[in-house]
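**Student:** coordinates only, sequence not included:
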């Protein structure tokens, strides 16, 4: 930058600033400013033309007045005129004024753009630098439209000076961040990568920032940068501090460039080229070795720079997750930092080790530091460091250390900061459930949790313990005895009363034989807490009392007296009043058998994702929890303990046990229930409220709705399975994004579907409609699955009536459980006789993997962090295809939501793109999935990218979703 001469001192500006500073009051300051504004206005409007120096001085005064907080409504044109000056200081003040005061809607923007274009074309590096700085500072969409195509040319031009290249790279980066759609990708992208080899490290630093941002969205176009980045990083880490004197910071060579290069490499999976991969491993080993060397300076700047490079290298090692030796070394290095006197280092070490704990290679190495982490939990002064210690204990927990970690968390919970107590409660509840070998320990842990931090025990926690106790016969008696003893404390938390009321109402009979816990004592104990509880808890206790009437007839009168009291029958709360009235009436008029039926034990709960885990995901962000849960190699057995439906051959038509009601949708009406009339517009009727198989007669006159005549048997042609299944794939694709509709229809038969899925379970209702006036005889639908599909998908069917009357409809229920991911679809084969002719119809049932999707909401930062973690080639599947349907954004959104994933708004920098996230639930695993759909309206093309933790899942989901557009 040219030196400022003495003549550029602007004495008048200095005097004005001095006057302002000497003002004794706000009024005096305003008076002085108004006087100066009047003077400047008169000078600008005067007949005498001002020279460049005067314009510059007055524009500077206006800028100073604006910075003091006063509005400026003139002088803009004079500032624009300064841009055409050939003097650096005048041009500099003009650009400074424009950067601060001119907005993108100004009428002067065209004049400003012309002046900037002239400076960019001047090839004067000083003027080009000023122009580029102005573009970056303003960064408006108008600026991007005007210069986004010009700046890349300056950046890659061979005769551009290094200082201008730096400015051009950072200016382009600014425009790309504000308006990515206006920055054209072209030939310059391959040339900008080679700036990583530039001799000037300032250019390399600026170019690395630009390439990193571009590569995050267009990884394929910049993948050649990996080898160049490794090469440059190798030269930096192996150089002596004297080799890069201008870029050495406290004996650390080019720390900022090193960090940027390491971040660029985190945009890609490990290099496939063995030579490049070997060189990168050497670089990372060198960085880890240097961390062990004694410091070359005692100043904090040296350690900060050195550790910044080290932590970024560890982040790259964790991202690649492919070198066991490096992962263990990184873990050991972080372990040393756990006891460092610097708080920030301890925090970063704990945070990095949380991620290392999820790697199969370093999990055991992380566990060796358990005592240090527990000590940090007890002694750390900084709450944020203690919170990271809790996170790390949660991440390193497995079956071998679960009881120790849960005990330490419970001890810490008594003194923990209020801000993190709820999170600790959730984690303790999850770990206790996940790694419980002895369920009595689990019950003790949760009750202890309620005792220590009852206010922070959410409904999900005590709901979950109820579910598990009900599903585990071996723990019910112990749970009843334990909660009975806990309730005897003078002061009990309300959550303990809820758990005690529920468990004693279900299993109080298991401990009633002990005189110390007789039925009357149990009732009196619960009722002593009644007046202290909130309305929902009182409602639960009333339900417990009516359960006691069934369990313990000897205290029926006592309970009826309580229900009959004015405090219940005339309660101000309508819910309590209604329960008291209804329960009293039920206990009075119902026979013993009816009471036993109505008040029988709760059936086992269906298997589903822990609601506690779902709450923790919501609280911490899906990616944080899901990563740890998915990548842990040691899985505990599911604790639901519910009776699973016995596996049956999917091709057999069988009657499942009551527990096969996987979704809890209920059973159908009794056989003598009145048939519901069908809609005259369609043969299918809405029978979600009647899922049992039943023949439903058509409404009068509905036969006329069918166009097919009553065909004579001689005119029928038997339909072969291969012919009927010709359009099977098209039908499957039709149902990928919806669950209801007509699956198959010909002149005789119509097949309709209604289905519902929750996590890894589903239920499908299949409706068979006879479109003729003649009976179908020996009507036999059969589900056919290959051996491979049977191992991945459990299907159970309910039988249908073998005779289907003319114009009638029968319904069949199929219960579905996804055991593991699959690609095939089961085939529904229907055989029947019509008018003496054997008919055979086969069609694929649209049970596809995406039906077991659960949408997951996540923030932009969490999405891209998880996206980067799923960057291995086998985890990503990409498909570029031509649009088969009109490219309507609203329809596209609806299809993505119908596909099962959550549609994430304002996550992708390009608002035209669609981003989704979800989890595929199977019995054996939960598979996180991220998707990105990029439409190109001009080319009428789509690019679909899917990343999941399992290659076959990525491939199948990509195939299914690609067919929808």
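**Tutor:** Everything's here; your move. It should be emphasised that the depicted structure is a prediction, and the values quoted were computed from it without experimental measurement.

**Student:** can you pull the pLDDT of the spatially most central residue of the chain?
**Tutor:** With distances taken as C-alpha atoms, centre = their mean, residue 858 lies nearest the centre of the chain, 3.6 Å away. Predicted confidence (pLDDT) for residue 858: 83.

**Student:** Check the secondary structure at it for me.
**Tutor:** The assignment at residue 858 comes out as coil when based on DSSP: H, G, I helix; E, B strand; the rest coil.

**Student:** What of residue 810?
**Tutor:** What three-state DSSP gives for residue 810 is strand.

**Student:** cool, the one 10 residues further on as well?
**Tutor:** In the three-state summary, residue 820 is assigned as coil, counting by three-state DSSP.

**Student:** doesn't residue 926 make contact with it?
**Tutor:** No - using C-beta atoms under 8 Å, residue 820 is not in contact with residue 926, being 11.7 Å away. No exception for glycine: its C-beta is placed from N, CA and C like everyone else's.

**Student:** how many neighbours does residue 588 have?
**Tutor:** 11 (other C-beta atoms under 10 Å).

**Student:** quick revisit: dihedrals phi and psi, the residue nearest to the centre of the chain?
**Tutor:** Here is the backbone geometry of residue 858 (degrees, to the nearest 10): phi -150, psi 150.

**Student:** Repeat that for residue 752.
**Tutor:** According to degrees, to the nearest 10, residue 752 has phi -120, psi 160.

**Student:** Quick check, it in contact with residue 741.
**Tutor:** Yes - taking C-beta under 8 Å as the definition, residue 752 is a contact partner of residue 741 at 6.9 Å.

**Student:** Counting neighbours, go ahead and name the busier of those two.
**Tutor:** Here residue 752 and residue 741 are compared on neighbour count by other C-beta under 10 Å; more neighbours surround residue 752, at 21 against 14.

**Student:** What's opposite the more buried one in the beta bridge?
**Tutor:** With DSSP bridges as the criterion, residue 752 is bridged to residue 742, residue 767.

**Student:** who does the helix or strand hosting residue 930 touch, helix- and strand-wise?
**Tutor:** Element membership for residue 930, per DSSP states H and E: strand 926-936. Judged by 3 or more C-beta pairs under 8 Å, 6 or more residues apart in numbering; DSSP states H and E, strand 926-936 is in contact with helix 622-631, helix 860-869, helix 889-899, strand 914-921, strand 941-948, helix 951-962.

**Student:** what is the mean pLDDT for it?
**Tutor:** What strand 926-936 shows for mean pLDDT is 88.

**Student:** before we move on, what about stretch 278-294?
**Tutor:** Stretch 278-294 comes out at a mean pLDDT of 90.

**Student:** Just the buried residues of that stretch, please?
**Tutor:** 279-281, 283-288, 291 (16 or more other C-beta atoms under 10 Å).

**Student:** Ok, stretch 322-338 next?
**Tutor:** 323, 326-331, 333-335, 337-338.

**Student:** Contacts for it, please.
**Tutor:** Identification of contacts with stretch 322-338 by C-beta atoms under 8 Å, 6 or more residues apart in numbering yields 270, 281, 284-285, 288, 291-292, 310, 313-314, 317-318, 321, 345-346, 348-350, 352-353, 356, 359, 361-362, 365-366, 368-369, 372-373, 376.

**Student:** repeat that with 7 Å
**Tutor:** 270, 281, 284, 288, 291, 314, 317, 345-346, 349-350, 352-353, 356, 359, 361-362, 365-366, 369, 372-373, 376 (C-beta atoms under 7 Å, 6 or more residues apart in numbering).

**Student:** Looking at it now, give me its mean pLDDT.
**Tutor:** 89.

**Student:** quick one: contacts for residue 365?
**Tutor:** Contacts of residue 365 (C-beta under 7 Å, 6+ apart): 328, 331-332.

**Student:** So which of these belong to helices?
**Tutor:** 328, 331-332 (DSSP state H).

**Student:** Let me have those residues in JSON lines, extended by distance to residue 125.
**Tutor:** What follows is those, written out as JSON lines (distance: C-beta to C-beta, whole Å):
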{"residue": "328", "distance to residue 125": "50"}
{"residue": "331", "distance to residue 125": "48"}
{"residue": "332", "distance to residue 125": "49"}
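
**Student:** Please pull out the lowest mean pLDDT helix or strand from this structure.
**Tutor:** Ranked by mean pLDDT, DSSP states H and E, the weakest helix or strand in the chain is strand 696-697, scoring a mean of 33.
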